[in-house]
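1. Quick one, fold the following:
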Amino acid sequence: MRLLMLGGTEFVGRAVTEAALARGWQVTVFHRGRHDPPPGAAAVHGDRTDAATLGALADGSWDVVVDTWAGAPTAVRDAARLLADRAGRYVYVSTGSVYRHPAGPGHTEASPLVEGSPDADAVAYAEDKRGGELAVLDAFGADRTVLARAGLILGPGENLGRLPWWLNRIARGGPVLAPGPRDLGLQYIDVRDLAEWILHAVETGLSGPYNLISEPGHTTMGELLESCAQVTGSDAELRWTGPEEILAAGLAPWTELPIWLPPGELYDAIHRGEPAKALAAGLRCRPAARTVADTWAWLRERGGQAPLRPDRPQVGLAPEKEEALLRG
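-> Numbering: from 1, shown residues only. Below is the predicted model:
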């Protein structure tokens, strides 16, 4: 199989590239040259937002293109149009955020979607991703398009800092503000499981949209944070605190307390989607404890510092805020 990976040097793109190379695929990585691609991949340098350097892909043919772009839909549109006659299939890594708010628990691939346009400049994350979906569908058609609507993505290589922040915080030990309830269910996908499913979808000729997430309640806040304590060998004391107290203190879910959302509409949208279609099509999700352990091993290899995307806000709770709430 011949794969053209648009990106391929960080997190999701890198995981797809590594998984394809492990299967013996021929992989070409088109990227800006800021990071080295995995060994074994052929590199073509260019900026997809620059028509002149995008032209570096004017020659060649591939069985599949995989694209993780999250900016202006026009960049997806231009790449898809350029490659439509020279690639067999296009996998666009989209997001569950394309479902219209409030998505509600159990939302499926048939749930209402936000508006989007393939010709739009960058607007907002959800609308940009929907515009990217439409761009691929316009160029490749429904039968040659896979829309991988991923939810929360965790695992080694994470460049948004969510699970790495929790690992580092718990590794420091002492009293830790643990957002509850302890049995609050979490839904996400390990980046490696996402990558493997994408390649499986290509090999089996799948098409259409899929919710790429674990089952609701795949893990809980309790299991996740306790796994962090176990793998780090920390003496941290998890102080479970209810949503009402956290919100009353003015702490921001998801950003100051990564991964966590209080029960409500946003929680339903992120942690209660319906993955039945993807599970029936071969998705397999490893246990949370493995995701945590492997992420910690990767983080230790890097001296505890995760690479962070400069276009995303930093996450995590300031020590003084944590101490203030724990003091009561």
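2. what pLDDT, on average, does the longest helix belonging to the chain get?
-> When the chain is parsed with DSSP state H, its longest helix is helix 125-140. Mean pLDDT, computed over helix 125-140, is 98.
3. which parts of it are buried?
-> Residues of helix 125-140 classed as buried: 126-140 (neighbour count, 16 or more other C-beta atoms under 10 Å). C-beta here means a position set from N, CA and C on the backbone, and glycine is covered the same way.
4. can you list the domain ranges for the chain.
-> 2-150, 159-186+217-273+286-327 (automatic domain parsing).
5. deepest of those, which one?
-> Compared across these, domain 2-150 shows the largest average neighbour count, a mean of 19 (mean count of other C-beta atoms under 10 Å).
6. That one: end-to-end distance?
-> End-to-end distance of domain 2-150 (C-alpha to C-alpha, to the nearest Å): 23 Å.
7. picking up where we left off before, turn the domains of the chain into CSV, including distance to residue 208.
-> CSV is the format used below for the domains of the chain (distance: least, C-beta to C-beta, whole Å):
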stretch, distance to residue 208
domain 2-150, 7
domain 159-186+217-273+286-327, 16
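8. Out of those domains, flag the one nearest residue 280.
-> Counting by C-beta to C-beta, residue 280 lies closest to domain 2-150 out of the domains of the chain; the figure is 11.8 Å.
9. quick one: that closest one to chain centroid distance?
-> 13 Å (C-alpha atoms, centre = their mean, to the nearest Å).
10. re earlier: and the buried residues of helix 125-140, which is closest to residue 326?
-> The nearest one, if we look at these relative to residue 326 and count by C-beta to C-beta, is residue 126, at 34.9 Å.
11. What are the neighbouring residues in contact with the nearest residue to that closest one once chain neighbours are set aside?
-> Among residues not flanking residue 126 along the chain, residue 97 sits closest, at 4.2 Å (C-beta to C-beta, 6 or more residues apart in numbering). By C-beta atoms under 8 Å, 6 or more residues apart in numbering, the residues touching residue 97 are 114, 125, 126, 129, 269.
12. What is the most widely separated pair among those?
-> Spanning the widest gap among the contacts of residue 97 are 129 and 269, at 13.9 Å by C-beta to C-beta.
13. so which of the domains of the chain gets nearest residue 202?
-> In this view, the domains of the chain are compared for proximity to residue 202 by C-beta to C-beta, and domain 2-150 is the closest at 4.7 Å.
14. which other helices and strands contact the helix or strand following the longest helix of the chain?
-> Following helix 125-140 in sequence order, the next helix or strand is strand 145-150 (DSSP states H and E). Packing partners of strand 145-150 (3 or more C-beta pairs under 8 Å, 6 or more residues apart in numbering; DSSP states H and E): strand 87-95, helix 125-140, helix 191-203, strand 208-212.
15. So which residues lie in contact with strand 145-150, not counting its own?
-> With contact meaning C-beta under 8 Å, 6+ apart, strand 145-150 is reached by 12, 89-96, 98, 109, 133, 136-137, 189, 194, 197-198, 201-202, 206-213.
16. How about residues contacting the worst-scoring helix or strand of the chain on mean pLDDT?
-> Every helix and strand of the chain was ranked by mean pLDDT, DSSP states H and E. The lowest is helix 51-54, at a mean of 92. Residues from elsewhere that reach helix 51-54 (C-beta under 8 Å, 6+ apart): 45, 46, 47, 48, 78, 79, 82.
17. so what's the residue lying closest to the last one once chain neighbours are set aside up against?
-> With C-beta to C-beta, 6+ apart as the criterion, residue 82 has its nearest non-adjacent residue at 6.1 Å, and that residue is residue 57. Under the criterion of C-beta under 8 Å, 6+ apart, the contact partners of residue 57 comprise 4, 30, 44, 46, 79, 82, 83.
18. try residue 229
-> 170, 236, 238.
19. Do I have it right that residue 171 meets residue 232?
-> Yes: the pair residue 171 / residue 232 is scored as a contact, 4.0 Å apart, by C-beta atoms under 8 Å.
20. quick one: contacts for the nearest residue to residue 220 once chain neighbours are set aside?
-> Spatial nearest neighbour of residue 220, excluding adjacent residues (C-beta to C-beta, 6+ apart): residue 183 at 5.2 Å. For residue 183, the contacting residues are 220, 221, 222, by C-beta under 8 Å, 6+ apart.
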